[in-house]
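Engineer: Based on what follows, work out the 3D shape:
(chains A and B)
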Amino acid sequence: MLYKTFYGYAMSICLRYAGNRYEASEILNHGFFKVFSNLNKYSTDKPFKAWIGRIMMNASIDYYRSNIRMANADDLEKAENLVHEDLPDKKLRYDDLLAMIQQLPNAYRTVFNLYAIEGYTHEEIAVMLGISTGTSKSNLFKARDKLKRMIIDAEDVSRDAGGGAYSAIVAINPVNLNVTFFNNGLFR
Amino acid sequence: MRRADENKIDRQFRKGLTETEGNSTFREEDWDAMEAMLDKEQRGRRGIGWMYWISAGVAAVLLILMVRIFSPSGNNDNTTAERNDGGKKMVPGLADTVKQGDQLAEKEMSPGDSVKDHHPTGRKEGVLPVSGRSDNGYGVQIAATGVPGSIPVPAGGDSSSYSVPESIPVISQAEPREEAVEPEESPVKERTENVPELQAPKRVKISLALVTAPDLNGVNSLSGGQLGVNGGLLLNLDLRKWRLTTGVTYASKPYQANYNPQAGAYGDYGYGTRQLRHIDADCKVLDIPLNVSFQFFARGKNGLSVGSGLSSYIMLRERYSFTYTDYTEQSYAVANRNKHLAGVLNLNITYQRRLNDKFGLLVQPYYKIPLTGIGNEGIDLRSAGVAVGVGWDIGSMIKK
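Structural biologist: Numbers count the residues shown, from 1 in each chain, chains lettered A, B, ... in the order given. The predicted structure is shown next:
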């Protein structure tokens, strides 16, 4: 079954763009719906997996396309400065990274995915999302800033707990579906 | 496509999130949702298919109706009556005689028989005094008697020489052809010149109207309504003072709405303190109305009527953009997913002005009130506007 075969791959893409698993499932099904509807348009000279991946990405963009508030120059500068701080070299696990990226606001998360993971330019992202390149840059820097803070906070928590590996325990924040990290068993 | 930069955070997330699919294990509930989505789409397509066939059926019925009304057989009753009138003027008793002859022909003639076989006097063809016009209604009666091939039709389409075996001798012997033609042409001419007066009250008139309508669209009310536009083709069937209207109009219905907790609209959106603040939407709709109106005022070329009916909305495309209280936004669009059969109440008042015997103008203020939730969001989408259009009386064209 096509759906089951590519479910894991497609879901891993949707989870990166979604705020939580439920939204990811919705995006996934909209993406597969497009897959089923456009199977006759698939060209065999391209890898089928890559084709599905592209459809999932587009479904994610469709889901989260929005008019994002314009960032002012101060925000941009502040965010850019912040990402120049040193980061801990600790290697994070997939679940930790996923939980962090899902904690980002939708606009930041979408731009970060497209720029940092998919490799699009700000000009391309601006066209895809219907925003300005300045907004794209601003959102990327803010996304990096937030991610950096999460990594540092997670490192601090890990250190306080004796250096054990931290794992994400997801708590839904009703304001914007934030994901909060706690160390193993340490609710404080 | 840009080559990934060397930013440490970017690299860390890129590698960490793409080198593995993580624990995205298959979940049956996701497939169930997928199946439901596919089923809904199939039902939607079936529904649209049904609409297509229903529309085709309605069109076919209307076409048959038009053919029936304007074809020779459709004119049969009226022309017979008119012919009787004319005959009475010309030759008292002719109409009765002809009618009697028809009946006799139906009784006596059988398929394969020729007219001459039933013509006691061997009458010449073309002596019935209606040869000045090509009234095809007679021809249809010939077919009904089962002797269509046995009667040569004179040039000019006058097939009236067929089936009056008993009465024709009286006429043909009593009146030479030339004398019979003259008095008959007068009532025919008179009938042609006075078509509207004679036939309008008794027959269904068909007209087409090309309309366009700017309108305001709003949720729950029209305050702050957004301007949309409609355009389409309407078919009117008029009988005396009543009018039945159907057709298809394409409508662009943009609208905005602010979240109002008291109104209850969009109450299920938002998470916790994050609530819906505002919605922008644009819907492309096929509006298929079925309205009945009554003309309560008519003077000269002007008329006023009041009407009501139901519209079916076929939602072609719907685009929604939600703004939340934290200023995040979310958009989505669907196509061909929703339809609302007889889901909208129409109220209208129509002013009509006749320009000539073929064309007229109409101005129609209208108000559309949904009887069900409209679109994917199931909102109370109301519309009010003024349709303006040009009407074309098909009947007046065909009769000429």
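
Engineer: B:Ala213 contacts B:Val386, correct?
Structural biologist: Yes: contact criterion CB atoms under 8 Å: B:Ala213 and B:Val386 qualify, at 6.4 Å. All C-beta spots, glycine's among them, are computed from the backbone N, C-alpha and C.

Engineer: contacting residues around A:Gly8?
Structural biologist: Applying CB atoms under 8 Å, 6 or more residues apart in numbering or on different chains to A:Gly8 gives the contacts B:Glu21, B:Ser24, B:Thr25, B:Phe26.

Engineer: Please report which of those residues has the highest neighbour count.
Structural biologist: B:Ser24 (21 neighbours; other CB atoms under 10 Å in any protein chain shown).

Engineer: doesn't A:Tyr7 make contact with that residue?
Structural biologist: Yes: with contact defined as CB under 8 Å, B:Ser24 reaches A:Tyr7; the gap is 7.0 Å.

Engineer: Let me know how buried A:Ala99 is, in neighbour terms.
Structural biologist: A:Ala99: 22 neighbours (other CB under 10 Å).

Engineer: again with the one 4 residues further on
Structural biologist: The local packing count at A:Gln103 equals 22, with neighbours defined by other CB under 10 Å.

Engineer: how close does it sit to chain B?
Structural biologist: A:Gln103 sits 12 Å away from chain B, going by CB to the nearest CB, to the nearest Å.

Engineer: list the contacts for the residue nearest to B:Leu244 when sequence neighbours are not counted?
Structural biologist: Nearest non-adjacent residue to B:Leu244, counting by CB to CB, 6 or more residues apart in numbering or on different chains: B:Leu237, 4.4 Å away. Taking CB under 8 Å, 6+ apart, we find B:Leu237 in contact with B:Val204, B:Lys205, B:Ile206, B:Arg243, B:Leu244, B:Thr245.

Engineer: ok, now A:Leu147?
Structural biologist: A:Met100, A:Ile101, A:Leu104, A:Phe112, B:Ile9, B:Phe13.

Engineer: Check whether the fifth one really touches A:Ala116, as I assumed.
Structural biologist: Read that as B:Ile9. Yes: counting by CB under 8 Å, B:Ile9 touches A:Ala116, with 7.3 Å between them.

Engineer: Looking at these two, which is more packed in?
Structural biologist: A:Ala116 (24 against 19).

Engineer: Local confidence estimate at the more buried one?
Structural biologist: Looking at A:Ala116, its pLDDT reads 91.

Engineer: now B:Ser150
Structural biologist: With respect to pLDDT, B:Ser150 scores 39.

Engineer: Three-state assignment for A:Lys91, please.
Structural biologist: Taken by DSSP: H, G, I helix; E, B strand; the rest coil, the conformation at A:Lys91 corresponds to coil.

Engineer: That one - how many residues pack around it?
Structural biologist: 10.

Engineer: hmm, back to that, which residues are in contact with each of B:Ala213 and B:Val386?
Structural biologist: Counting by CB under 8 Å, 6+ apart, the shared contacts of B:Ala213 and B:Val386 are B:Gln364, B:Tyr366.

Engineer: Have a look at these two and say which one is more surrounded.
Structural biologist: The neighbour comparison of B:Ala213 against B:Val386 (other CB under 10 Å) goes to B:Ala213, with 22 against 13.

Engineer: Mind checking what secondary structure the more buried one has?
Structural biologist: strand.

Engineer: contacting residues for it?
Structural biologist: Here B:Ala213 is in contact with B:Val229, B:Asn230, B:Gly231, B:Thr249, B:Gln364, B:Tyr366, B:Gly385, B:Val386, B:Ala387, B:Val388 (CB under 8 Å, 6+ apart).

Engineer: Try it again at 7 Å.
Structural biologist: Each residue near B:Ala213 by CB atoms under 7 Å, 6 or more residues apart in numbering or on different chains is listed here: B:Asn230, B:Gly385, B:Val386, B:Ala387.

Engineer: Can you find the helix or strand in chain B with the smallest mean pLDDT?
Structural biologist: Least confident helix or strand of chain B, by mean pLDDT, DSSP states H and E, is helix B:137-145 with a mean of 37.

Engineer: on that earlier part again, list only buried entries from the contacts of A:Leu147.
Structural biologist: Buried by 16 or more other CB atoms under 10 Å in any protein chain shown: A:Met100, A:Ile101, A:Leu104, A:Phe112, B:Ile9, B:Phe13, out of these.

Engineer: Rebuild the residues you listed as JSON lines, extending it with pLDDT, distance to A:Lys148 and secondary structure.
Structural biologist: Shown next, in JSON lines, are these (pLDDT from 0 to 100; distance: CB to CB, whole Å; DSSP: H, G, I helix; E, B strand; the rest coil):
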{"residue": "A:Met100", "pLDDT": "92", "distance to A:Lys148": "10", "secondary structure": "helix"}
{"residue": "A:Ile101", "pLDDT": "92", "distance to A:Lys148": "12", "secondary structure": "helix"}
{"residue": "A:Leu104", "pLDDT": "90", "distance to A:Lys148": "12", "secondary structure": "coil"}
{"residue": "A:Phe112", "pLDDT": "93", "distance to A:Lys148": "12", "secondary structure": "helix"}
{"residue": "B:Ile9", "pLDDT": "86", "distance to A:Lys148": "6", "secondary structure": "helix"}
{"residue": "B:Phe13", "pLDDT": "89", "distance to A:Lys148": "11", "secondary structure": "helix"}
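
Engineer: farthest-separated two in those residues?
Structural biologist: Using CB to CB, the buried ones among the contacts of A:Leu147 span at most 11.8 Å, a distance reached by A:Leu104 and B:Ile9.

Engineer: ok so, going back, among the contacts of A:Gly8, which are within reach of chain A?
Structural biologist: By CB under 7 Å from any CB of the partner chain, the members of the contacts of A:Gly8 lying near chain A are B:Glu21, B:Ser24, B:Thr25, B:Phe26.

Engineer: Now tabulate these in JSON lines and tack on secondary structure.
Structural biologist: Output for the ones next to chain A among the contacts of A:Gly8, formatted as JSON lines (three-state DSSP):
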{"residue": "B:Glu21", "secondary structure": "coil"}
{"residue": "B:Ser24", "secondary structure": "coil"}
{"residue": "B:Thr25", "secondary structure": "coil"}
{"residue": "B:Phe26", "secondary structure": "coil"}
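
Engineer: Confidence-wise, which of those residues comes last?
Structural biologist: Comparing these by pLDDT, B:Glu21 comes last, at 71.

Engineer: Tell me the buried residues in the lengthiest helix in chain A?
Structural biologist: In chain A, taking DSSP state H as the definition, the longest helix is helix A:133-160. Residues of helix A:133-160 classed as buried by neighbour count (16+ other CB under 10 Å): A:135-148, A:150-151, A:154-155, A:157-158.
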